[in-house]
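Visitor: Sequence and predicted structure below; questions after.
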Amino acid sequence: MTKMMEDAEQLLDGGRLMPALELMKAARELTKIPSRKLLVTYNIGVLYWDKLGDGISAREELLAAANMDRLERDAPPLRVLQASALENMMLCATSYQEFDTFTARLRALAPEMPVVSGLPPVIHEMRDTGRPWSDAMIHLAMSNYNRNDTSLDRGHYGVAKSTYQILLHTRKQQRLSREDWRGAVREYCILAMRMTTDCMALRGGDHDGNSPEEFLRILLDALPYVDDYLAASEGDETARKFRDQMQTIIDDSRNRWTALTLQLNMSGIQAAEAAREPRYRCRQCHKPLIDPAQPCPECGSPGPMTLFPLTLLGLVVAVGAITWRSLAASSIWMRSLFTAGAVVLALFVAGPLIFQVMLKFAAEKDD
């Protein structure tokens, strides 16, 4: 399992998100040890939360990690993992009550964590002034990035996108206003495109030799939420433009991959044909010859291997004659037996060797 997790980390470092996710899930299936299952589950949750911007899937995995039992709770690494899972659950809560529940659990497990003392006062002030939980979610999302001032940009685009996704997924529960719905959709689209282009650059851009489906989920997950908004706000040209831009990125990435795949397949076919067909040319017209033992199809000149049958026949006759004459003092049966053996030896041992020598000579001479 350790090797699988290391391989998954290497895939993530190269922007290969979906193969890394699949490898982590496979590793989790292989282990029955609760502490290891906690480690993998937490990392899967973080991948969804930070790399894909999929807050819904992240909540499911992080909640599973936070609720995992039968652990050695006094073991510091396990305590840190569950505390981190609870911290993330605070950040992806869907109500003030849920936020307070996870805050209380984290305070009981790891009261020394800064988020326990730093974040609740800010959230409670918003609650006490009558602001809806959706305002708190927007505040949490925007605290992770800044599009207006790069010096203040923390660059946590995946976390912000995850938060917006949860907000849009629960918008009816949150009673999200039309203006906040519009703003959340726009920010969600911008973050999705920014994460996608960053991932494409990490993968090598035009030199990327792997399928774009490994990262396009960042955009594909966003489309239903944008379409939901556009169905109720057909006149929002900005949202429509963002939707078209995302679709263009998806289509261009897939079309590039299709063209690259065809090019690679054609290169493979050409390489196989080149490996299968020796590179010989006619000595008269210098046209390519597929079979050096056949006459040139262009000018009719003999191929470089045309003389091999005559050479082999001459070898057999010479070996047979020499063997027959050298055993002149022996009986007819002895002479016949040894002559036949020498002819067979010439055909099946010397013949192939001579063929290879002539073939090499012909190729070198033609090259």
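Guide: Arrived safely, thanks for sending. Numbering: from 1, shown residues only.
Visitor: wait, what's in contact with R217?
Guide: R217 sits next to L17, M18, L52, D54 when contact means Cβ atoms under 8 Å, 6 or more residues apart in numbering. (C-beta placed from N, C-alpha, C; glycine too.)
Visitor: got it, and A192?
Guide: A192 sits in contact with G53, K161, I218, L219, D221, A222, M246, where contact means Cβ under 8 Å, 6+ apart.
Visitor: for R178, same thing?
Guide: With contacts defined as Cβ under 8 Å, 6+ apart, the neighbours of R178 are S233.
Visitor: And stretch 113-120, what's buried?
Guide: Neighbour-count burial for stretch 113-120, counted by 16 or more other Cβ atoms under 10 Å, picks out M113, V115, V116, L119, P120.
Visitor: what about the residue nearest to the last one when sequence neighbours are not counted, which helix or strand?
Guide: What it means is P120. What sits nearest to P120 in space, not counting adjacent residues and going by Cβ to Cβ, 6 or more residues apart in numbering, is T103, at 5.4 Å. Here T103, judged by DSSP states H and E, is contained in helix 96-109.
Visitor: need the helices for the stretch 51-200 of the chain, in chain order.
Guide: Using DSSP state H, counting those that start in this stretch, the helices of the stretch 51-200 of the chain run over residues 55-67, 76-91, 96-109, 114-128, 133-142, 157-169, 171-174, 178-202.
Visitor: now, the most widely separated pair of the contacts of R217?
Guide: Greatest spacing in those, by Cβ to Cβ: M18 and D54 (11.5 Å).
Visitor: quick one, which of those two is more surrounded?
Guide: Neighbour tally, M18 and D54, criterion other Cβ atoms under 10 Å: the higher count belongs to D54, 24 against 17.
Visitor: Phi, psi for that one please.
Guide: Torsion angles at D54 (phi, psi; degrees, to the nearest 10) stand at phi -100, psi 90.
Visitor: for it, what are its contacts?
Guide: The neighbourhood of D54, defined by Cβ under 8 Å, 6+ apart, consists of Y48, S162, Q165, R217, D221.
Visitor: returning to what we had before: mind checking the pLDDT average for the helix holding T103?
Guide: Per-residue pLDDT over helix 96-109 has a mean of 95.
Visitor: Packing partners of the longest helix anywhere in the chain?
Guide: For the chain, the helix that runs over the most residues, judged by DSSP state H, is helix 237-276. Judged by 3 or more Cβ pairs under 8 Å, 6 or more residues apart in numbering; DSSP states H and E, helix 237-276 is in contact with helix 178-202, helix 217-220, helix 223-232.
Visitor: Give me the angle between it and helix 178-202.
Guide: 20 degrees (axes from the mean of the first three to the mean of the last three Cα atoms, to 10 degrees).
Visitor: Number the residues from 711 up from this point.
Guide: All set: I'll call the first residue 711, so the last point we hit is now helix 947-986.
Visitor: what's the angle from helix 947-986 to helix 933-942?
Guide: For the pair helix 947-986 and helix 933-942, the angle between their directions (the same axes, to 10 degrees) equals 140 degrees.
Visitor: in helix 947-986, what counts as buried?
Guide: A949, F952, R953, M956, I959, I960, S963, W967, L970.
Visitor: name the element the most far-flung residue of the chain relative to its centre belongs to?
Guide: Of all residues in the chain, A1039 has its C-alpha farthest from the mean position, at 78.3 Å, by Cα atoms, centre = their mean. In this assignment (DSSP H and E), A1039 forms part of neither any helix nor any strand.
Visitor: ok, it to A1050 distance?
Guide: The spacing between A1039 and A1050, counted by Cβ to Cβ, to the nearest Å, is 18 Å.
Visitor: what about G1061, which helix or strand?
Guide: Per DSSP H and E, G1061 falls inside helix 1061-1076.
Visitor: what does L1023 give?
Guide: Assigned by DSSP H and E, L1023 belongs to helix 1018-1036.
Visitor: For that helix, list every residue counted as buried.
Guide: By neighbour count, with 16+ other Cβ under 10 Å as the criterion, the buried positions of helix 1018-1036 are F1018, L1022, L1025, V1026, V1029, T1033, W1034.
Visitor: Settle this for me: the second one is touching G1061, isn't it.
Guide: Right, L1022. Yes - contact criterion Cβ atoms under 8 Å: L1022 and G1061 qualify, at 5.3 Å.
Visitor: Return every residue with contacts to both of those two.
Guide: Shared contacts of L1022 and G1061 (Cβ under 8 Å, 6+ apart): none.
Visitor: dump the residue contacts of L877.
Guide: Contacts here follow Cβ under 8 Å, 6+ apart; on that basis L877 touches S844, M847, I848, A851, Q884, L886, A894.
Visitor: Repeat the analysis, applying 7 Å as the threshold.
Guide: If a contact means Cβ atoms under 7 Å, 6 or more residues apart in numbering, then L877 has S844, M847, Q884, L886, A894 as its contacts.
Visitor: Thanks a lot, see you next time.
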